[in-house]
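> I need the structure of the sequence given here:
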Amino acid sequence: MRLITYQSDSGPRLGVVRGEAVIPVPGLDMLTLIETGEAGLERARAASGSPLPLASLTLLAPIPVPRRNIFCLGRNYAAHAKERALAGDKNKEMKLPERPIFFTKATTSVNGPFADIPFDAHVSEQMDWEAELGVVIGKSGRNISRQAAMERVFGYTVINDISARDVQAGHGGQFFKGKSLDGACPMGPWIVTRDEVPDAHALPIRCRVNGMTKQEATTAEMIFDIPAIIEWLSLGMTLLPGDVIATGTPAGVGSARTPPEFLKPGDVVESEVEGIGVIRNRVVAVA
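The predicted structure is shown next:
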């Protein structure tokens, strides 16, 4: 199934996408559906209300207000790890990470799949793109083994990990602040349930800016695959239903280009994971 959260007159509503129509799922939001597991999925499958044209709806992030921060992977594609390590120093020795590099993005960074990305030049003039596969956890657990990890996955979505590189550098190079500006985590356009994706490690992933391809790879190129990510992340720390994990971005980010490239007002950035969906966001200047 493809499950969406859309804006209605009465607030966010849950729907299931069927072709070009959406069937409302009454009495549930996305987090509640995920928490109730198979019972929630059955209610979505059985939804039979009046269909709404998908094109007429304003889609929100599938989980508009996550329970806690978005978990993220840094340098989880070898080519991206190399380009970031060598940025500004072409002779620098590059070593791949031996363990996943985790950081988080604040819940207030979450943005809709087609919403505007705020650009405030007083805060950052180096906004960068990072297309990523998002993994949504369906069942809680701690110390989850790789063998059991995929059973904990509810589904998949698309994320753009918008990164303010100057903010990141200005705070000692740590990730959190530069990754957590308001609106800096477009997500969606829906969650595709795990049963609809035969192999999450064989999905083409792309990013385009104003129609020009900037990133192109496949999820097979991840250094740490989804079971390894879940095993490491859950080590001594409980994962909860509705947790979202951004699994890292491939090579081609703007800050590693020669010369560097950054988003500016008026730009349109698209992130695509084939088989999951496409999100499209315009960069808009704010006061």
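
> Would you pull up how far stretch 123-138 lies from the middle of the chain?
Averaging C-alpha positions (C-alpha atoms, centre = their mean, to the nearest Å) puts stretch 123-138 6 Å from its chain's average.

> gap between Ile229 and Gly40?
Distance check for Ile229 against Gly40: by C-beta to C-beta, to the nearest Å, it reads 24 Å. In short, each C-beta sits where N, CA and C put it, glycine included.

> let me redo that: Tyr6
Taken as C-beta to C-beta, the span from Tyr6 to Gly40 is 17 Å.

> cool, and Gly275?
Distance, Gly275 to Gly40, using C-beta to C-beta: 23 Å.

> These two: which has the busier surroundings?
Neighbour count, other C-beta atoms under 10 Å: between Gly275 and Gly40, Gly40 has more, with 22 against 16.

> Surely Glu219 touches Ala202?
For residue 219 the amino acid is Thr, not Glu. Yes: counting by C-beta atoms under 8 Å, Ala202 is a contact partner of Thr219 at 6.7 Å.

> Looking at the two, which has the bigger crowd around it?
With neighbours defined as other C-beta under 10 Å, Thr219 and Ala202 compare such that Thr219 has more, 26 against 12.

> so where's the stretch 1-150 of the chain uncertain?
Along the stretch 1-150 of the chain, the parts satisfying pLDDT under 70 run over 84-94.

> Strands along that one, start to end?
Using DSSP state E, counting those that start in this stretch, the strands found in the stretch 1-150 of the chain span residues 2-8, 11-18, 21-24, 52-53, 59-60, 70-74, 101-105, 110-111, 117-119, 127-128, 131-137.

> Can you tell me which of the ones you listed is nearest to Leu263?
Between Leu263 and these, the shortest gap by C-beta to C-beta is with strand 127-128, which sits at 4.3 Å.

> Which neighbouring elements make contact with that closest one?
strand 163-164 (3 or more C-beta pairs under 8 Å, 6 or more residues apart in numbering; DSSP states H and E).

> Mind listing the strands the strand it packs on pairs with, and their directions?
If you go by DSSP bridges, strand 163-164 pairs up with strand 127-128 (antiparallel).

> Okay, and the beta partners of Ala131?
Asn160.

> For it, give me its contacts.
When contacts are counted by C-beta atoms under 8 Å, 6 or more residues apart in numbering, Ala131 touches 158-160, 205-207, 215, 249-250, 271-273.

> Can you list which of those residues are found in strands?
Among the contacts of Ala131, the residues falling in strands (DSSP state E) are 158-160, 205-207, 215, 271-273.

> can I get these in a markdown table with neighbour count?
Putting these into a markdown table (neighbours: other C-beta atoms under 10 Å) gives the following:
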| residue | neighbour count |
| --- | --- |
| Val158 | 27 |
| Ile159 | 30 |
| Asn160 | 27 |
| Ile205 | 26 |
| Arg206 | 19 |
| Cys207 | 24 |
| Gln215 | 24 |
| Ser271 | 29 |
| Glu272 | 21 |
| Val273 | 26 |
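
> need the contact list for the spatially most central residue of the chain.
With distances taken as C-alpha atoms, centre = their mean, the residue of the chain nearest its centroid is Ile159 (2.3 Å). Applying C-beta under 8 Å, 6+ apart, we find Ile159 in contact with 70, 131-134, 185-187, 244, 246, 271.

> ok, now with 10 Å
By C-beta atoms under 10 Å, 6 or more residues apart in numbering, the residues touching Ile159 are 61, 70, 72, 105, 110-111, 113, 130-135, 185-188, 244-247, 249, 271, 273, 279.

> State the distance from it to Ile205.
Distance from Ile159 to Ile205, by C-beta to C-beta: 11 Å.

> Next: Gly252.
10 Å.

> residues shared between the contacts of the two?
Contacts common to Gly252 and Ile205, judged by C-beta under 10 Å, 6+ apart, are 77, 131, 215-217.

> Can I get these in JSON lines including distance to Gln174?
Output for these, formatted as JSON lines (distance: C-beta to C-beta, whole Å):
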{"residue": "Tyr77", "distance to Gln174": "20"}
{"residue": "Ala131", "distance to Gln174": "22"}
{"residue": "Gln215", "distance to Gln174": "23"}
{"residue": "Glu216", "distance to Gln174": "29"}
{"residue": "Ala217", "distance to Gln174": "26"}
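
> Which one of those residues is nearest to Thr193?
Nearest to Thr193 among the shared contacts of Gly252 and Ile205, with distances taken as C-beta to C-beta, is Ala131, at 21.2 Å.

> Sweet, I'm off.
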